[in-house]
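>>> Output the structure for:
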Amino acid sequence: MKAADFDKEFDDGNDIFAHLDLSQAKRTTQATKRVNVDFPEWMLDSLDREANRIGVTRQSIIKVWLAERIENINKPVT
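Numbers count the residues shown, from 1 in each chain. Below is the predicted model of the structure:
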């Protein structure tokens, strides 16, 4: 299938997964590396309360908040 045909299928909302070989797919920008971070107890308590309030894990909320902060750092100032 040519790229233009593939793009048209996608743009038309058709299922394109039959045209993909996902057996070798990798998310190269999503590679993980384990780190250890020490937090004061008051901070963990606050993180746990907020994580429980929105129904996610402590690790998830830390990742989301860090990602949001990094996005803001990389935004151009206008």
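
>>> and the helix or strand harbouring Ala4, how far out from the chain's middle?
According to DSSP states H and E, Ala4 maps onto helix 3-11. Counting by C-alpha atoms, centre = their mean, to the nearest Å, helix 3-11 is centred 25 Å from the centre of its parent chain.

>>> residues of the helix or strand following it that come out buried?
With elements assigned by DSSP H and E, the helix or strand that comes after helix 3-11 is helix 41-54. Of the residues in helix 41-54, 47, 51 count as buried by neighbour count, 16 or more other C-beta atoms under 10 Å. Using the backbone N, CA and C atoms, a C-beta is placed for each residue, glycine as well.

>>> low-confidence ranges in this structure?
In the predicted model of the chain, residues 78 satisfy pLDDT under 70.

>>> can you point me to the longest helix in it?
Assignment by DSSP state H gives helix 58-74 as the longest helix of the chain.

>>> relative orientation of that one and helix 41-54 in degrees?
Taking axes from the mean of the first three to the mean of the last three C-alpha atoms, to 10 degrees, one finds helix 58-74 and helix 41-54 inclined to each other by 100 degrees.

>>> Which residues outside helix 58-74 are in contact with it?
44, 47-48, 50-51, 54, 56 (C-beta atoms under 8 Å, 6 or more residues apart in numbering).

>>> Alright, I will stop here.
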